[in-house]
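[1] Attaching a predicted model along with its sequence, questions to come.
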Amino acid sequence: MTGVSSNDAERASEATIASLRAICREVGLDLDALSPFVLERMRLLAEVTKTATDGANIVRIANAVFARADDGGSGRPWSASERRIVILGSIFADIGKTGPLDADAEGQRLVAEMFAVEGVKDEAQSVETFFRAYFPGDADERIRRFRALGLDASMSMRYFWNLHTGWTFEIVEAGGVPREVIVAAATHHLLDHINPHHVVEDDGRFSEPFGENVAFDRAEKLVIVLDKYDALRRRAALTHEAAIAWLRSWVSRHERYGEDAELFAAIADVEAVGERASPV
């Protein structure tokens, strides 16, 4: 948070965490009952990045989607279980932006600060080149810390960014996040061909039990659409109309999900409620 004092950043972080606590409580999860490292990583994201506030924004849109269905404005109403999966899956989706499960506090902060840099145009550049461009004052030290995590600084930034879904999977699984939520959090980039631990099989079923959640269906698909919509609106600065058009084109061109009715229904729901539900 450039230009923000550490005390101000900490206060903002705690305010965000308080908001996330309330959101989780509404769907029956005590955030403080999870493994302590989960809250610490969420606190780090709230302090260093905009990820945690993005999650809260996504939840507002999700709740508007649910209300629309309750009012008969779209398909069948969302069950309590589906709502819980969508809300918590969206909240925890990017916790992997704090690095690997075994990363120490220094390593977690390093990775979070990397993800805090937005608008990087050259995704093919190496991590080492990225550090020298965006952190010139201590690039060598950051490269050393990156390698200490067991990561290769010659990997491309795109490869690095894609790692966070696998890290999310491992963190939420180890941290006590409800089993049915784990896959929704970890598969939010499935349409970008990122399937951590190959958890979604070719028939759409999950490769292992996740409570009563056995297959990739409309709850996980709504998480994907909400995550991408939020990114298009805030980070890409697209209008609501342009973001919806982009989503429809993106899904329609997908070799596997190009005719998926649940994905297009999710886009239609976000089209109907997203602009007024989101502060972007």
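    That came through, no problem. This one's a predicted model, so the numbers in the text were calculated from it and none came from an experiment.
[2] Would you map the strands across the stretch 151-280 of the chain?
    Taking DSSP state E, counting those that start in this stretch as the criterion, the stretch 151-280 of the chain carries its strands at 205-210, 213-215.
[3] For the first one, what is the distance to the chain centroid?
    It refers to strand 205-210. 20 Å (C-alpha atoms, centre = their mean, to the nearest Å).
[4] Give me the buried stretch members for that strand, please.
    The neighbour-count check on strand 205-210 (16 or more other C-beta atoms under 10 Å) flags 206, 210 as buried. Heads up, the C-betas are built off the backbone N, CA and C, glycines and all.
[5] Asp71: neighbour count?
    By the criterion of other C-beta atoms under 10 Å, Asp71 has 9 neighbours.
[6] The one 4 residues further on too?
    For Gly75, the number of neighbouring residues by other C-beta under 10 Å comes to 15.
[7] Same question for Ala174.
    When neighbours are counted by other C-beta under 10 Å, Ala174 registers 13.
[8] now do Ala105
    So Ala105, with other C-beta under 10 Å, has 12 neighbours.
[9] How about the one 3 residues further on?
    When neighbours are counted by other C-beta under 10 Å, Gln108 registers 21.
[10] Likewise for Ser249?
    Considering only other C-beta under 10 Å, Ser249 is surrounded by 9 other residues.
[11] Could you check the pLDDT of it?
    On the pLDDT scale, Ser249 is placed at 98.
[12] Then Val4?
    At Val4, the pLDDT value in this model is 53.
[13] With adjacent residues omitted, what lies nearest to Lys228?
    Leu247 (6.2 Å; C-beta to C-beta, 6 or more residues apart in numbering).
[14] Surely His254 and Leu191 touch.
    Yes: contact between His254 and Leu191 holds when scored by C-beta atoms under 8 Å: they sit 5.8 Å apart.
[15] Of those two, which one has the most company?
    Leu191 (18 against 15).
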